[in-house]
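Q: sharing a model prediction with you, sequence too.
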Amino acid sequence: MKGGKRPGRRLTTAFYKVKAPIPSPVRFSFVSDLHCFPNGPVIEAIKKGAPDAVLVCGDFVHSEKTKKVGLCFLGEAAEIFPTFVSLGNHENKANVARSDVENTGAVLLDDAFVPFGGVLIGGLTPRGDDPDIAFLDRFAREEGYRILLSHYPQYYDKYVKTAPIDLTLSGHAHGGQWRFFGRGVLAPGQGLFPKYTSGFYDGGRFFVGRGIGNRSPAPRINNPPEVVFFDLTSE
């Protein structure tokens, strides 16, 4: 894969090329962990990147009190692009219902998968220590190029790495909150000096986004929020 970054108004945008055996090239925009970040700059960044579809990997809301902000983002994105959504831990905390997401026009992937653009897109819902292994097994047995949205990066080594899934996308780590010498300092579920915080791992099979919002008690340092674009192509 090839990548490059350029600054946005309040965001960083990153573009990567990923080789995939699909009939026609497809571009996905990938966002996670909005946590009530203003919707306008994110939508504008996505529009400028001109994706074929948007992938939202959990924590698009922060709390029940403010969940309308995240649902509004889904609605704005879905009006412009096909938008596929997996859940994070904050959707559970905010009591986000299936109908809340479906009413936005976005496609909810709650331990489910759908085809799009020659790709199968699946969403693995975080359920404490153990996700739905039966869904993961079903998804891994499907033919075709498979992208899995899995909010918790800590699931990767234990449940996903040995499965024949082509590309797994995660969030949740917020880039490690503070980044020094290319490493994050702290991430929920991984603790101090976490293994997975930003970028590609495992030979390009696993990608962790830094996310967008900042609802941690500590501010981001050397860790700008990002909207990511993946260009999947057979060439």
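A: Cool, the structure landed.

Q: quick check: the residue lying closest to P82 once chain neighbours are set aside vs H90, distance?
A: Among residues not flanking P82 along the chain, A53 sits closest, at 4.3 Å (C-beta to C-beta, 6 or more residues apart in numbering). C-beta coordinates here come from the backbone N, C-alpha and C atoms, glycine included. Distance from A53 to H90, counting by C-beta to C-beta, to the nearest Å: 23 Å.

Q: give me the low-pLDDT residue ranges for the chain?
A: Applying pLDDT under 70 to the chain flags residues 1-9, 215-217.

Q: can you check which helix is longest in it?
A: Assignment by DSSP state H gives helix 67-80 as the longest helix of the chain.

Q: which elements pack onto that helix?
A: For helix 67-80, the packing partners by 3 or more C-beta pairs under 8 Å, 6 or more residues apart in numbering; DSSP states H and E come out as helix 39-49, strand 53-57, strand 83-86, helix 98-102.

Q: how about that helix: buried residues?
A: Residues of helix 67-80 classed as buried by neighbour count (16 or more other C-beta atoms under 10 Å): K67, V69, G70, L71, F73, L74, G75, E76, A77, A78.

Q: closest one to G49 out of those, please.
A: Nearest to G49 among those, counting by C-beta to C-beta, is A77 at 12.1 Å.

Q: which other helices and strands does the strand or helix carrying F135 contact?
A: Using DSSP states H and E, F135 sits within helix 133-141. Counting contacts by 3+ C-beta pairs under 8 Å, 6+ apart, helix 133-141 packs against strand 119-124, strand 145-150.

Q: name the next helix or strand downstream of the last one, please.
A: Read it as strand 145-150. Criterion used, DSSP H and E; the element after strand 145-150 is helix 155.
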